[in-house]
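# okay, sequence plus prediction incoming.
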Amino acid sequence: MSLLSPAALAALALLVPLVALYLRRRQTVSREVPSLMLWRAVQRDLAPQTGLRRFRRDRSLWLHAAALALTALALASPLARRRQSPARRLVLVVDTTASMQAREGSVARIDLARAAARRALATLSDDGEAVLLEAGCLPAVRVARTTDLRAVSRSLDALRARDCGGDLGRAMALAADGLRGAQGRTRLVVITDAVTRADALGAALPVEVEQVRVGRPHANVGITAAELRVDAEHTAGARRYGLFVALHASPGRASGDVTLRVLGDAGEVAVRRMQVGGARVATTLPVDLAAEDPTRTLTLRLDVAGDDALAVDDVAWVPVPPSPRLPVRLVTDLPSPWVARALRADRDVALTELSPDGWSRVRAAPFDGLTVFHGTAPETSVPGASLSWEREGRDVSARLGVSLGPWQPSPRWTDVSPTDPRARFVGVADVHLHAARSVTRVAGDVPLITTTSGVVGVARDTRDASATVLGFDPDRTDWPLRPGFVLFLRDAVEHARGRRDALALDARHTGRPVTIATTRDVVTVRGPGGSWELSPHEGVATWSGTDRAGVYTVQRGRGDETVALSLLDPVETSLAPQDLPWRGTVRRDDATRAWENRPVGWLFALLAALALAVEWVFVTGWRARPPTARAFTERP
Amino acid sequence: MDADRSLLDPAVVRALERWRVALRRRIEGARAGPHASLRRGASVEFAEHRAYAHGDDPRRIDWNAFARLGDLVVRLFVADEDVTVHVVLDGSRSMAAQGRFDDARRLAAALGYVCLTGSERVTLTVASSGGATARAPWRGRHGVAPMLAALGSLRPDGVAAMGRAFDLMRARHGSRPGVAVVFSDMLDDGECVELARRMRLARHETSVVHVLGDEVLAPTVDGASRLVDAESGDAIDLVIDDAAMAQYRARLAAWLADTETSLRRAGVRYVPAFPGSDPVRVLAATLGDTA
């Protein structure tokens, strides 16, 4: 027998005042009787029956206590197990979130779930149908409606607990679909440890949910948050980071030592020992990496002294963020002190001045900064962010694939784009152009600067490049003397920085899809969970096989990049059963074999009423009235 | 006086007018009365002859027998004498509950009234407060008022000493056989039964009117109780539950049966006077149904 609302047993505490009332009632009352002659005889007669009489004496107490206890039991909604008739259709929902990896002795919870699922399968009728749903990171139909129970069994064997949390509510919505059109007796069995979310649970289910809860509470501690930030006071020769780490422990876990080790490619870079009890603990560790340290992902490993039921949350990976300093290449064969000075005005710019030959040597290396072409340009399009302007006799823009009109003398600025961030704070007043060429715009071009001769500045964003092209030479204007020029270069740097961040592969939680921007037709992902070849759509590939924690390599045409996936889920780490929002229709059972639970609270309520009736009739009611003297007065 | 008169219920008195003391045996009387006495006396009903003894009344010598037989014999006649009715009242504190003492006084008053109006002598002995008191005998209708006054002045108190009551009665009123009527609840561990036996041995026509109320026949005590004896002040702690009440009822029934049996075997008339009993029938049973 199990209880749906065990909290109602708290009503048993009323037994204390009940007993107290009876004890008070039982206090001796002094009464005068004509003679003790007969009473003494009664006392002698009853002396050997003290124990039995004590029970009889407190009969009212026992009956009231029984009624109270039975009422509390009735309120607790007890469920009695009984053999059930075979089901015509069985929808199995098996929880495969990370907590199902928790060890229960020699087996994992997922193994218990498989066994429970097989027991439930045994309740199917000979021609019964089964549906197997996996409630993992994302709900999935593992076996559609079938009568081939062997196939279901094979799919059960293939189920494994994932490294991610999930939402059981989504799986239940899927189960609602599986129940459509069901005829005959249908069962919906959800096998879970209840350590999961069920936020999206809203589907109206036509049958009662039978929850099979597997697993028992265990002590566990794990990493639930990790973030590496660049320390503002980083030194010149090394990079200093602040590593924020949060640990969660399962409720009731005794306080104990845990050691957090931070590993880079070259070995341990930080370590901290902490006391963690049944609560959340957060700390920040300083992490120093040498300037030449190639570490792109830090590994956080938790050494736990004592019981620790879940291993997947004892390790996490944190990507080492790129330097906030944006690399900017100034490619020129001309002296350009004012351009360099304007770029260096941003302290987070790492400026490298290159000749066209020097740029040709490094152009093949992955570069996610800004390239500024001053008076020269390669005869090809440049991937990534670039800024270029025209110079008389150089046809810079034409080398970059941008068509320009003829030079127009002394055009006057008339407009600057008010919306594009690359023209933010750039004013039109007091700028005098010697000459300018209008840009022949193509679809998608964003006009930045408009003059009386036409649009002389555009932003052209393509799948793999973001180019800003000006149709005039700033050297032949007074713009460099204006603050607007510095702001314009600054806007270009910020735009390049934002583009770099947008292209970063920063997904860190398992179970969440990773979007990968790319220029290639195929993106390859390899890691502990397997290998994927993804086909991008409009320059973006979506990788959803993120249910295994670890460090993955992504090849998207920018060189090998890494993506680290970690569990980082307080719900899964806590291993604390959640109050799933289907109270009242759920049956909880530890073994479903061929049994079903039936509510028997009404029986306890009936017994409670019966106890009260017996007490009233035979103890305090009309049947308990004292005898009269009539029996003696009838004597002759 | 009015209060004393209240002890007499006119309906009871009228009903009792039909009754007279009917003794199953002839007993001796102190004076001539309506009852045939075992004493040979001067009545017209011849009893027997016996040899003349010194001191016999010479007027009783049967001269015809002397003429025929030559022996002096005296003629003995059945004497018609009055009867002394000894009323013994249990005045202990146990009789105070629920007006039982008043019930006993009313019965005693009715009995005394009938006897006095029938020319019998009536004595009253009250056992209470660990001792006994005896009143001067009354005779004739003139004795009704003082008898009622004496009964009206009684208050139940203390422990009944029934043995002392008998001793006092015999000392004050002589040992001549008469009628003895005891009004008691008999809650005295057999002392009253012993008194009745002694009275019977003293050749008194003895009746015991057993006066009991609901506080004994059907007590309403319940739960954990400290029971205090009304007479002695002794106490016992007892939980009164169904089992205890059942046992009490069994003990009570056995006690009543034993008491009645013991008294009947001793030749004592046992008359229960429980709640609901008709006083006329109680007194009729006490006096004998020879109206």
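Yep, that arrived.
# alongside chain A, which residues does the stretch 51-200 of chain B contribute?
Proximity of the stretch 51-200 of chain B to chain A, by Cβ under 8 Å from any Cβ of the partner chain, involves residues B:94-95, B:97, B:185, B:187-189. All C-beta atoms are positioned from the backbone trio N, CA, C, and that covers glycine.
# kindly recompute the last result at 6 Å.
Residues of the stretch 51-200 of chain B found near chain A (Cβ under 6 Å from any Cβ of the partner chain) are B:94, B:97, B:187, B:189.
# lowest-confidence entry in the residues you listed?
Lowest pLDDT among these: B:A97, with 79.
# quick check: it touching B:E215?
Yes - with contact defined as Cβ atoms under 6 Å, B:A97 reaches B:E215; the gap is 4.8 Å.
# which residue does the stretch 401-550 of chain A bring closest to chain B?
A:G511 (68.8 Å; Cβ to the nearest Cβ).
# find the closest residue to chain B in the stretch 251-400 of chain A.
Closest point on the stretch 251-400 of chain A to chain B, by Cβ to the nearest Cβ, is A:G252, at 46.0 Å.
# so what's the residue count around the nearest residue to that residue once chain neighbours are set aside?
Take A:G252 and drop its neighbours on the chain: the residue closest to it by Cβ to Cβ, 6 or more residues apart in numbering or on different chains is A:G278, 5.1 Å away. Look at A:G278: counted by other Cβ atoms under 10 Å in any protein chain shown, it has 16 neighbours.
# does A:L18 lie in a helix or a strand, and which?
With secondary structure defined by DSSP states H and E, A:L18 is part of helix A:15-25.
# beyond that helix, next helix or strand please.
Following helix A:15-25 in sequence, per DSSP H and E, is strand A:29-33.
# is chain B contacted by the next helix-or-strand element following that following strand?
As assigned by DSSP H and E, the chain's next helix or strand after strand A:29-33 is helix A:37-46. Yes - contact of helix A:37-46 with chain B (Cβ under 6 Å from any Cβ) involves A:37-39, A:41-43, A:45-46.
# remind me what helix A:37-46 packs against, helices and strands.
Applying 3 or more Cβ pairs under 6 Å, 6 or more residues apart in numbering or on different chains; DSSP states H and E, we find helix A:37-46 packed against helix B:242-265.
# what's the pLDDT at the residue nearest to A:G252?
Note on A:G278: pLDDT of 74.
# part of a strand, is the residue of the stretch 251-400 of chain A closest to chain B?
No - assignment of A:G252 by DSSP: H, G, I helix; E, B strand; the rest coil gives coil, placing it outside any strand.
# at the geometric centre of chain B, which residue do we find?
B:V181 (0.7 Å; Cα atoms, centre = their mean).
# so that residue: helix, strand or coil?
strand.
# what helix or strand is the closest residue to it other than its chain neighbours on?
Nearest residue to B:V181 in three dimensions, chain neighbours excluded: B:S207, at 4.9 Å (Cβ to Cβ, 6+ apart). Assessed by DSSP H and E, B:S207 sits inside strand B:205-211.
# so which residues make contact with that strand?
B:23, B:100, B:103-104, B:179-183, B:185-186, B:196, B:199-200, B:263, B:268-273, B:286 (Cβ atoms under 6 Å, 6 or more residues apart in numbering or on different chains).
# parallel or antiparallel, which strands does it pair with?
Paired neighbours of strand B:205-211 in the sheet (DSSP bridges): strand B:179-184 (parallel), strand B:269-273 (parallel).
# just send the ones you listed back as a markdown table, with mean pLDDT too.
Shown next, in a markdown table, are those (pLDDT from 0 to 100):
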| stretch | mean pLDDT |
| --- | --- |
| strand B:179-184 | 91 |
| strand B:269-273 | 91 |
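# mean neighbour count, the ones you listed: which tops it?
Across the strands paired with strand B:205-211, averaging neighbours per residue (mean count of other Cβ atoms under 10 Å in any protein chain shown) puts strand B:179-184 on top, at a mean of 28.
# any shared contact partners between B:A97 and B:E215?
A:P34.
# circling back: tell me which of the residues of the stretch 51-200 of chain B next to chain A is nearest to A:S5?
Using Cβ to Cβ, B:A97 comes nearest to A:S5 of those, at 56.7 Å.
# now do A:L448, the pLDDT please.
91.
# can you name the helix or strand that it falls in?
strand A:446-451.
# just checking, what packs against the next helix or strand along the chain from that strand?
The element immediately downstream of strand A:446-451 (helix or strand, assigned by DSSP H and E) is strand A:454-461. Judged by 3+ Cβ pairs under 6 Å, 6+ apart, strand A:454-461 is in contact with strand A:435-439, strand A:446-451, strand A:465-470.
# run a quick neighbour tally on A:A517.
20.
# err, A:Q275, not the other one
9.
# may I have the helix or strand containing it exported as CSV, CA atoms only?
Counting by DSSP H and E, the element that carries A:Q275 is strand A:267-276. Extracted C-alpha coordinates of strand A:267-276, given in CSV (Å, rounded to 0.1, in the frame of the first residue of the first chain):
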residue,chain,number,x,y,z
GLY,A,267,48.0,20.7,-16.1
GLU,A,268,46.4,22.0,-13.0
VAL,A,269,46.0,25.7,-12.9
ALA,A,270,43.9,26.2,-9.7
VAL,A,271,42.6,24.1,-6.9
ARG,A,272,40.3,24.9,-4.0
ARG,A,273,38.9,22.8,-1.1
MET,A,274,35.4,23.6,0.2
GLN,A,275,32.9,22.5,2.8
VAL,A,276,29.6,21.6,1.1
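# distance check, A:L4 against A:G601.
8 Å (Cβ to Cβ, to the nearest Å).
# quick one on the thing from earlier: is any part of the helix holding A:L18 close to chain B?
No - Helix A:15-25 stays clear of chain B (Cβ under 6 Å from any Cβ), getting no nearer than 7.2 Å.
# so how far is that helix from its chain's centroid?
52 Å (Cα atoms, centre = their mean, to the nearest Å).
# what are the contacting residues of that helix?
A:61, A:65.
# ok, longest helix in chain A?
Counting residues, the longest helix in chain A under DSSP state H turns out to be helix A:483-503.
# centre of the chain to the strand holding B:S207, how far?
6 Å.
# ok, now stretch B:66-86?
29 Å.
# residue ranges with poor pLDDT in the stretch 101-250 of chain B?
By pLDDT under 70, the weakly predicted segments of the stretch 101-250 of chain B are B:118-119, B:130.
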